[in-house]
Structure formats: structure tokens, C-alpha cells
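S.K.: What follows is a protein structure lacking sequence information:
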């Protein structure tokens, strides 16, 4: 273009393909429930500049591939499923040199009947979602797994004091408060040969137990302790990023009604909320993943 | 008014007061997390016709009362809490002759640390919500408890065949399908002396086990069986109403890709969905609850 | 059943069928965008008690009918469309004696290009939704139209003072506040021969102008004035019901920072909110609509 | 730490502070309605590692600052407001060397009464949101403005044909389809001296008119044409990024009912949806903004 305007980063794909996979080889069925989004990267200039689709595999075909692969290659661990999908697009579809596959998994638990989990009946478990983002670029792949919407609350064991003040500070210090969050965590694996499910469960347990056990002087400290515990126990994890809204629980002033309120009655506010974000990483860790490329956008 | 236009049914109140109550008498804290809505009924004509507030207790005071009562009278079972609030408004606030108190409760479970539930740390349990609507009218009270967003799925044991057809019917019969719903149930108690929590848990167990165990020829049949099991085991329940979206899980056609799909890969659709609603009641049951009055609106 | 447990009210149908209808007879296209829910009533006992579907027209067929009728009978006014659907189910499907058809319509406006609305390009207009609920029972029909999510705010001209107080009252009086709501209104027509679109637009204009012009001593008063204006100008409307959350805008205390705040900076809270609901009706109005029957449930 | 585990990128702040600013100097009030999120960057290691808050300005103080500045410095254009906030945190709060301020603005239009916009009554306009993200790092600042949730539809003038196929392709070509999206656009300004409001309105007009006027062979092409038009007319804009879900409108097959459907009746699907993302930039454009730094996380 003589006007000096050029196409920059771009990708396209099918977002939020909902998919349930049932394993029914025995009477005791197994269930996977996911939401998968695919995005392809390559030279799609002609589609943008001239509307020429010759290089564009329809997003509908990407959706079909998600369904077909759930049968053909199976769907046990979302990381394996996403790696298989991503490598397929990059290796088998001519103009594609990179792919980003994002999967969310919703947990289910067996309905107990007379104390035993039923063979083919489930109820949704918790609010939390297991996630993975796999990026493939040529022969390399990067796996970032995680969880979101893990809602936590501790009714004591949290302080906030000794903080910096400025002319706009009116907050009082507290040495005993409710601390609650809806945690999002994402961790990058150093490789792709990992016991995905087992590791995910172990990370989750570490996050929960650190949240419970750390006497918290700040949400920052709790996040750091959570991230550090994960890296310490899992050499296969290169770094972890944590994002934690501080879901404020305000102590209601009951004095006008002649009542004490010793951290017993709270108003949990919707908005605004504090938002604490940090990465915990390794001094001598692996380089940034070569297959990683952010989505176009200004995060 | 000489124009023959008159005020009809009306009520006003504070909706969605979020409240967390911590019991911290011992090191092992207890937690209640609710959303409460109050609505008052009485002669509020002057407020409507002339803007005269002399009879109007502010919704802000109603909110304050919710908080104060959680301390003063405690918050263990939401039905008791709602009854206490409703009776207070009706008996203690002069112009009020009726009240509707709606409470939603969100469940939490203790975070396990080394296999033991932690003393003061919890995570949100499930997607489901426990509900109650208490209406008080003078000296009478009506309690309708329930649950919503109980998401269920069975991967077999459900048919849909032999149905009526018309010129707009294209659906094929099936003798094996996925059946999934997000159940809402509300049941009306015959009285107000009930072991609320224990009964609620028992009803929930009955609903779950009937959903699991009934071989379903139709969602209607499953709902009826669920409702009947509840009424059969709980004489203290006068009637139950069930509302169940049929969350369609469509078998994906993999034949174009040379793959069989024997009820293994499904597309769970968002919309539209079937919606099945029914009441299960008693032939010789108690009369409609005298304290019950619907909200103004056309449901 | 010898256990005295019986089936009560019930209905079933297809909810939230999304449908867009384009009229393209000329280069200047027309657009309708709706969400339609159908529910059928009749003797469906066999489906509930024995899983016998012989009388059950699938909800999938109901969905197909919605699409087919949008072509066959057209979709101009949602009330006409819903009446045609409802009468079809009641008159043409053997076991059905009643139907409830609910339609939501989303508004679009033409994208202006060089000051002229484009022939075939639109953008969504506003947050508000036009609604209708049509119930048919045998030869009779009842039409309740309305709107919801009409978000309004006035920055002055609203007071709240002289209200009742009790021991839980801490609210201060105010003679100048922000008043904001997200209005839902539903009005019942006396008959079915109405200029639907024209009347709907006129009602909307009346609601808006009364909200703007009434100096409000209470939200109750504003609602009454809105409803009265509608009934006064529209003899074809039998009654109107209004539901208005009071979206509180709290004046932020800037005094700690040495700043005045003369109703200039507000915190609009999410929850809780006041909720004011009322019906405005006619002294000598028509009887309650014989075709009206509430959905099963405890509103 | 001797374990080689270190703190990585981090930031913290107050998210989603809702704020309404009324200008009431004359009888004709003005209104701004925003949602502001602040995030501070600097050396907060002590807070993470030891829970030492000495360097941490509470998020509550940040919220207070948002409110105070809306009075003290005013709130006319969100970009100016965000720049003022960001520079304040960086220059006036000791340990802070970077800040990210995100503002969303909700549009309102005056309620027309007798054809004239009312002095102090408004209704929410459209679904769309005006956005800005301002990052300040030391003495430098970067402004990225945009919009989201701009819902668009064209009922003809869109094709999708000549695309690549693979074994998973079943989609048919089309030369006339509905194209609909909910556009998100973000553009980076080359500097900070800009007529923000006027430019924003001009960009919006360009986006709308290109969407309307381009005969689209692919959504990619439409996005490119939109982006190019913006860069061509606005030298003050360095680059623009566009994200457009393809909200599929499927032609309903009415043949089983003996009806033709010449692009008249559509099913608008919720999920999955195509998602097309691209950047349009300048060959010889300014370097990447030095004040820009992504949030911690894996986008």
C-alpha cells in the first residue's frame, strides 16, 4: 500500500465450541465437558487485503475438527487434546504456521445414590473451571494450564496494616479481617511431557492449602506464598501467574442499633474490588517459551 | 380519582442485600452466606398518590434490619431468619400488614488441609443455591423453600419416542439420549414448625436419586417421579413445583469424517431449550396458603 | 394414585428460540429480531405419570413452527405473531387447550452513512427490550405487552423525606437526589384489536415524559403518575404493572479531601437496591382476563 | 531466595470503581458515567515476600483519588481524566513508577419531551461502551482508546466462498449472507495532545460506514478496510486493533414445511462463533509505545 498502512498481527478461529465427551465402554460412564477455542496464525494477508479466501480454512471446519478429534484421538486430559489439535492445524493445514488452542473444562461429580457414586448420573461440581492454553509454532509448543473462579474465603487469619498513606487515605488498619477472592491462576510448563491431571490436582491442593495456612499480612503475600509453593514442588513448572480480586467483606456498623459486631456480620461488596496480580518465576528458569505469542490486542 | 383510575396491588422493599454471617465462638468458625430481599405490603396509597412518605419505612431501614437481625436473632436456618424478619415487619411496623422475605443461600465447604476440613477457610460449593420465600400476612405465615441451578446430567437411561407429530415435526425418535437440566424446585410447607435444614437436605437427596434412578421416557415423567418421592416421604410438605430446562445435548454427526458416533460426542446447545414445568400436590392437601400473595406482575 | 399425590398445574414448551426475520422485497430491507418462548397447556397426565408421549407435541416442533410462521404469516408486530402462534397451538394441536407465547424484541436502528440511514446495515438500539406475553385459552386471548431494561436517570427533581422511622433507621432525608431505575412495565390490553406498534410507542413516550417531568417525592409517586398517564390516554389498556429497582446513587463524601460535593460526584451501587412494584388499574375496568393463567411456580 | 524462585511482574490496584459525575452549573445538566480501574507498578517486593505494606498505598486510597479527582480536576474526556490520575500516582506516590488506568464510559442521551431533550433526565444509549487504557511510565504516557459491544448487522452485501477446504470441511459456499458482529476496537494514539472526544466520534463513524459500505468477501476484509480508513484519516493514531466475533445467523431450512427461505428467516446462534482479530498499523509508524507494558498474565 502506498499509504504506508499495513496489516499487523492477526489470527482467526472458532471460539467457544461446547463439547461433551462420554466414555461408555463399560456401564460406568466417564464424562468430559469442555469449551474449546481455536485460533490460527499464518499469512492471511490476501483474505484481509483482497477478500481472497484461498488460504482460509473456515472456522466451521475448525469446529468440526474439534468434534472429530474428541472421537478420533479421545479427550482425557485437555492438554493432550489441545496439543493434538494445535499440531494438526500447524502441520496439516498448509498456510498455518501457528495455532492457539484454549480449553476450559467444567467439573462434574457422580450423584451419590445410597452412598455410591452413580454409574451415569452427575451434578456440576463447584464454580471453578480448569483451563489450558496451548500455543504451537512450527515444531514447538507451549502449555499454560490453570484454573479460574476458585472462590475462597477465610474468616480470620488476615491483616492489613502498616500501609502507606497519602492525602486520599481514609482506610483504617485492621488486624483481623475476612479475606475472600475468586482466584485465577495460570502456570507455564517447561515441557510437554507432563502428568497433566495429576499435576493440576497437586497444584490446586497447594494453592488451597497455602491460602488456608498462611497467616496473611497482605493478599500480595498470600499470592507469593501460593506461587512459591507450586514452583518449589513442581520442577516441571517454569512460572505461575496469579490474579486475585479482593472481594471486600465490610464489617457492618451495628452500633446505631445497640449491637456489637465482632467480625460477625459482613456486607460483601460487588464493586469496586482490589485486584492483585503477580508472577512467580525462576531466577535461572527456562527462557520465555518460543512458541508463545500474545493475541492481537492491548491487554 | 374521578377518572376511575386506581392504585392496584403494590409492595416495596430492599432487594438483594448481600450478607455474610460468621460464627466464631470457637476456633472452628461457621459461615452463612446469603442474599436477602424484603418487600412490605400495606396501605401505601398516600406515597403513590401524593408522594407522602409518612407511612413508608425506608428500604434502607429494611436493609439495616436484615443486618441487625443476623446478629440479634442469629442466622442458622434461612427459613427461621426469614420468618423472624417477616413477622417483625408485620407486627412492629405500623402500616405493614404483609411481608415477603426471599433468601438465597450460597453453600461453602471447608478447604481440606491434610485431609481435614480447615477451621476458618472455605471454598464455594457447587453452582446450586438454596432458597426460601416466606410470606407473612397478619398472624399467618407461609414458607416455600427450594433450590435452583442444580445442574444434572445423565449419559444414558433417557428416551424420547412415541410422541405426537404434526406438519412441523422433524425430530427423530431416540431410545438413548443424554438428559441434562438445571433444576429449580420450590416446595410449600404445610406449617412453620419444621426441621428446615434436615428436611431440605432430604428433599435434595430424593430429587437427585430419582433423577439418577428413574429410567426416563420423558422429562415430564422424571419430574413427576421426583415430586412424588418428595411428597411421599415428607408429610410436612403440601406441594412442590418443578421447573426444568431441557439442556439439549445433540449427537454430532461425524459420518462426513468417516467416524461413528455412538452417543460419545455431543454439542450442548445454549438456546433454545425445552422447558418443562409442573406442580405435584395432594388430593386432600391443605388449602392454598392464606398468607400467600403473588407479587404484582404478570408471570 | 392411592397415596393421594396428584399432578397439579403443568405446561411445557420451547424457550428462547432466537429468530431474525429480514424483509427484503425492496433494496431497503426491514429487520425483526426476537426471542420467542412457547408453552402448551392441556391434559399431559400420561406423559407425567407413565412417560406416554402420545399427546406430547415435541418442543422441537414448536420451535419449527416459530420459524415457519415467521415466513408463512410474517413477523411485523410481535403481538400479532404471538396471537397467531398461540391460536394455532390451541386450535390445531388436538390435546392443547391453552398456550402461552412470550416474545422479546430487540430494537435496531439503521447505521447512518452521510446522514442517511443505510438500506441494509443496522446497529443495536439501546438496552431496552419490547415484550409481549399472549395467553390463549380456548377461544379467548389475553395480550400483555411491555418493555424492560429501560434505564433512566434524573440528576435532580427527586426528593425523599418525611418518611417513617423505626429503631433501625439511619437514613438522612434529602430534598435533591439522583433518581435512577431500570424500568420494567407490563400492560394488559382490554382486547386484541389494537394498533400494537403505535400504542407501544405512545406508552413508552408517556412513561419517559412522566419520569422526566414529575417532580418526584418518591419513586412510588413517579410510578403511579406514569401508570395513570398511560391508562388516561389509552382506553384500550385495562391495567399496567410497573417494577422499578431504585438504583441508588450515593453522594461521595469528599470532605476528608477538603472538597465540597454538591451533588456532583456519585457512587452508583450495584446491590442492594430498592424495589418498588405497583399496579395501576381501573375502578370499573374489565374483569381479569379469562385467558390468563399464571405459570406453575410461586412468584 | 536460595531456592531460585523469584517474584516476577506484578501490579495491584482498585478495579471497577463506578462513578457518575454531574455538571449542574446551569439548569441544563451534563452527565458522565464511568467505570475506572487503577493499577500501580513499582517495587512491591516487600509486600509479597514479607507482607510489609510500608510501600503499599491501599487500593481504597486509589478509589478515593478517583472520586476526588472527578471533582478537583473534572471529568469531561476519559483520556484526560485517566492521564491525570496516572501521572498523579507515578509522580506523587513515592514507590510507584508506573500506572495503568482503564476507563469505560457508558453513553446516555437526553429523554425527549415534546421533541426537546430534557435538561436533567436521560436514558442509556445503546449497548456500546467507550474505553480508554492509559499507561504512564515515568515521564512517558501511552493512550489506547476504543469501543466495545458495538453490535452491527448487515442483511446482505456479505459473501463467504472460495475458501480452503480440508477433510473436516462441510460448509457450503455462500454469496449472500447475514453478517453480524459485536465489535471491539482499540487504537493507540501517537501522542497525548488529541481532541479526544471529536476523534473518538470520527473513528466510530468511520468504523460504522466502512462496515456498511464495503461489500464483504470475508470479515477479515471488512476489518482491514475499517482499520485502514481510520489510519488514513487520523494521523494521530499509530495503530488500531480489531476483534470481531462472527455472530452466525443460520438460514433456517423451511423446506420440510413446504416453504422457501430466501434469506428471510434466520437462527442467530449464541455459540460457537468465529472470532477474527487483527491489527492495522503503519510501515514507518512510531515505535512501540515506551510506556506500554502488558498486565501480568498469559493473554
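M.R.: Ah, there it is. On a predicted model such as this, the values are computed, not experimentally measured, just so you know. Numbers count the residues shown, from 1 in each chain, chains lettered A, B, ... in the order given.
S.K.: helix, strand or coil for residue A:60?
M.R.: helix (DSSP: H, G, I helix; E, B strand; the rest coil).
S.K.: and the lengthiest strand in chain A, is it in reach of chain D?
M.R.: Counting residues, the longest strand found in chain A (DSSP state E) is strand A:116-137. Yes. Residues of strand A:116-137 contacting chain D under CB under 8 Å from any CB of the partner chain: residue A:133. All C-beta atoms are positioned from the backbone trio N, CA, C, and that covers glycine.
S.K.: what comes up buried for that strand?
M.R.: Residues A:118-124, A:126-137 are the ones in strand A:116-137 that count as buried (16 or more other CB atoms under 10 Å in any protein chain shown).
S.K.: in the helix or strand immediately after it in the chain, what's buried?
M.R.: Tracing the chain past strand A:116-137, the next element assigned as helix or strand by DSSP states H and E is strand A:140-154. For strand A:140-154, the neighbour count (16+ other CB under 10 Å) marks A:141-148, A:150-154 as buried.
S.K.: Give the burial count for residue A:27, as a bare number.
M.R.: Look at residue A:27: counted by other CB atoms under 10 Å in any protein chain shown, it has 8 neighbours.
S.K.: same deal with residue A:37?
M.R.: 20.
S.K.: Tell me the first helix or strand C-terminal of the strand or helix carrying it.
M.R.: Using DSSP H and E, residue A:37 falls within strand A:30-42. Counting by DSSP H and E, the next helix or strand C-terminal to strand A:30-42 is helix A:45-50.
S.K.: That next one near chain D anywhere?
M.R.: Yes. Between helix A:45-50 and chain D, judged by CB under 8 Å from any CB, the touching residues are A:47-50.
S.K.: now what about that helix, what contacts it?
M.R.: By CB atoms under 8 Å, 6 or more residues apart in numbering or on different chains, the residues outside helix A:45-50 that reach it are A:7, A:10, A:52-56, D:217-218, D:220-221, D:223-224, D:278.
S.K.: for that helix, which positions count as buried?
M.R.: Across helix A:45-50, burial judged by 16+ other CB under 10 Å covers A:46-49.
S.K.: Can you convert the buried residues of strand A:140-154 into a markdown table and add a column each for pLDDT and distance to residue A:273?
M.R.: Converted to a markdown table, the buried residues of strand A:140-154 look like this (pLDDT from 0 to 100; distance: CB to CB, whole Å):
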| residue | pLDDT | distance to residue A:273 |
| --- | --- | --- |
| A:141 | 96 | 35 |
| A:142 | 95 | 31 |
| A:143 | 97 | 30 |
| A:144 | 96 | 25 |
| A:145 | 97 | 25 |
| A:146 | 98 | 20 |
| A:147 | 98 | 19 |
| A:148 | 97 | 15 |
| A:150 | 97 | 16 |
| A:151 | 97 | 13 |
| A:152 | 98 | 14 |
| A:153 | 98 | 14 |
| A:154 | 98 | 16 |
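S.K.: can you tell me which of those lies nearest to residue B:163?
M.R.: For the buried residues of strand A:140-154, the residue nearest residue B:163 by CB to CB is residue A:148; the value is 40.8 Å.
S.K.: Which positions are bridged to the residue lying closest to that closest one once chain neighbours are set aside in the beta structure?
M.R.: Nearest residue to residue A:148 in three dimensions, chain neighbours excluded: residue A:184, at 4.1 Å (CB to CB, 6 or more residues apart in numbering or on different chains). Taking DSSP bridges as the rule, residue A:184 bridges to residue A:243.
S.K.: was I right about residue A:184 contacting residue A:151?
M.R.: No. Using CB atoms under 8 Å, residue A:184 is not in contact with residue A:151, being 11.1 Å away.
S.K.: who's in contact with residue A:265?
M.R.: Neighbour list for residue A:265: A:251-252, A:254, B:19-22, B:67, B:70-71 [criterion: CB under 8 Å, 6+ apart].
S.K.: Angles on the backbone of the closest residue to chain C within the stretch 151-299 of chain A, please.
M.R.: As assessed by CB to the nearest CB, chain C sits closest to residue A:270 within the stretch 151-299 of chain A, at 4.3 Å. In terms of degrees, to the nearest 10, the main-chain angles of residue A:270 are phi -80, psi -50.
S.K.: any chance you could map the strands in the stretch 151-299 of chain A?
M.R.: Secondary structure of the stretch 151-299 of chain A (DSSP state E, counting those that start in this stretch): strands at A:179-189, A:237-246, A:249-251, A:265-268, A:273-282.
S.K.: Could you dump those into a markdown table with mean pLDDT and distance to residue C:75 added?
M.R.: Output for these, formatted as a markdown table (pLDDT from 0 to 100; distance: least, CB to CB, whole Å):
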| stretch | mean pLDDT | distance to residue C:75 |
| --- | --- | --- |
| strand A:179-189 | 97 | 42 |
| strand A:237-246 | 97 | 43 |
| strand A:249-251 | 98 | 49 |
| strand A:265-268 | 98 | 44 |
| strand A:273-282 | 97 | 43 |
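S.K.: Which stretch among the ones you listed approaches residue B:86 most closely?
M.R.: That would be strand A:265-268 among the strands of the stretch 151-299 of chain A, by CB to CB, at 19.2 Å.
S.K.: Tell me which strands the closest one pairs with, and in which orientation.
M.R.: Here strand A:265-268 is paired, per DSSP bridges, with strand A:249-251 (antiparallel), strand B:17-23 (antiparallel).
S.K.: Same question for the shortest one: list its buried residues.
M.R.: Just to be clear, that refers to strand A:249-251. For strand A:249-251, the neighbour count (16+ other CB under 10 Å) marks A:249, A:251 as buried.
S.K.: what does it contact?
M.R.: Residues from elsewhere that reach strand A:249-251 (CB under 8 Å, 6+ apart): A:153, A:177-178, A:180, A:261, A:263, A:265-269, B:20.
S.K.: That one: how far from the chain's middle?
M.R.: Offset of strand A:249-251 from its chain centre (CA atoms, centre = their mean, to the nearest Å): 28 Å.
S.K.: ditto for stretch A:15-30
M.R.: Counting by CA atoms, centre = their mean, stretch A:15-30 is centred 22 Å from the centre of its parent chain.
S.K.: ok, now stretch A:228-236?
M.R.: Centroid displacement of stretch A:228-236 relative to its chain, using CA atoms, centre = their mean, is 17 Å.
S.K.: what's the answer for stretch A:134-141, then?
M.R.: That offset, for stretch A:134-141, works out to 19 Å (CA atoms, centre = their mean).
S.K.: Span of that stretch from start to end?
M.R.: Separation of the first and last residues of stretch A:134-141 by CA to CA, to the nearest Å is 7 Å.
S.K.: pretty sure residue A:163 contacts residue A:217?
M.R.: No. If you go by CB under 8 Å, residue A:163 and residue A:217 don't touch, sitting 10.1 Å apart.
S.K.: where do the contact lists of the two overlap?
M.R.: Taking CB under 8 Å, 6+ apart as the contact rule, the neighbours common to residue A:163 and residue A:217 are residue D:53.
S.K.: For the stretch 51-200 of chain A, give the residue positioned nearest to chain D.
M.R.: In the stretch 51-200 of chain A, the residue that lies nearest chain D is residue A:51 (2.7 Å; CB to the nearest CB).
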